[in-house]
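A.B. asks: below is the sequence, then the predicted model.
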Amino acid sequence: MFGYGKMSGCAVAAMSALAECHSEQCQLSSHEVAELRNLSQPLVAKVLTVLSQAGYVVGTRGPGGGYRMAMAPDQISLLDVVNLFEGHRDSSLCPFGPGWCGIGEPCPLHDVLIGMDDAVAEALGQAHFGAFMGKGPKVGK
């Protein structure tokens, strides 16, 4: 894992924006989320579609529509969202590939890098979007 890709970063940013104004009445369009987080609107729209299909957000079409979180923000960890876009990683895999660690002795950095990967996953698993509730600019419909 070590870090995460552009889609995961955008998804975490989008979810944090939705968590900031979490309520039944608050919805944000993909355009509003993109503006709030200084992201590309097409990328935000794509990410929100995936999040909706996974059941993390609910979208409402049409005028006055938008997205809102499907459950309480403190029920969704950052790791849940990152794993949706990155997939679950086997922490026993060395980042240098099986050409080194999979054949004989592990590479000199194997244990350190695997430990870092595990620490990142643990931190993301403990962090929930509830931390964003009521923070940030007051927006939404």
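C.D. replies: Looks like it came in fine.

A.B. asks: my read: S40 touches V33, true?
C.D. replies: No. Assessed by C-beta atoms under 8 Å, S40 is found out of contact with V33, at 10.8 Å. From N, CA and C alone the C-beta is placed, and that goes for glycine too.

A.B. asks: more neighbours, the two?
C.D. replies: The neighbour comparison of S40 against V33 (other C-beta atoms under 10 Å) goes to V33, with 25 against 14.

A.B. asks: what's the more buried one in contact with, if anything?
C.D. replies: Contact analysis of V33 by C-beta atoms under 8 Å, 6 or more residues apart in numbering lists 13-14, 17-18, 39, 44, 48, 67.

A.B. asks: so where's the protein uncertain?
C.D. replies: Filtered on pLDDT under 70, the chain yields the residue ranges 1-3, 24, 88-95, 97-99, 101-102, 136-141.

A.B. asks: which residue is the nearest non-sequential neighbour of C10?
C.D. replies: V47 (4.8 Å; C-beta to C-beta, 6 or more residues apart in numbering).

A.B. asks: sec struct for that neighbour, please.
C.D. replies: When classified by DSSP: H, G, I helix; E, B strand; the rest coil, V47 comes out as helix.

A.B. asks: just the buried residues of the contacts of V33.
C.D. replies: Listed as buried from the contacts of V33 are 13-14, 17-18, 39, 44, 48, 67; burial here means 16 or more other C-beta atoms under 10 Å.

A.B. asks: which one among the residues you listed gets closest to F96?
C.D. replies: Comparing the buried ones among the contacts of V33 against F96 with C-beta to C-beta picks out A13 as the nearest, at 30.3 Å.

A.B. asks: and the closest one, what helix or strand is that in?
C.D. replies: helix 6-20 (DSSP states H and E).

A.B. asks: now tell me what touches that helix from outside.
C.D. replies: 4, 28, 32-33, 36-37, 39-40, 43-44, 46-48, 50-51, 56-57, 67-69, 73, 76, 78, 81-82, 84-86, 129-137, 139.

A.B. asks: so which of those are in helices?
C.D. replies: 32-33, 36-37, 43-44, 46-48, 50-51, 78, 81-82, 84-86 (DSSP state H).
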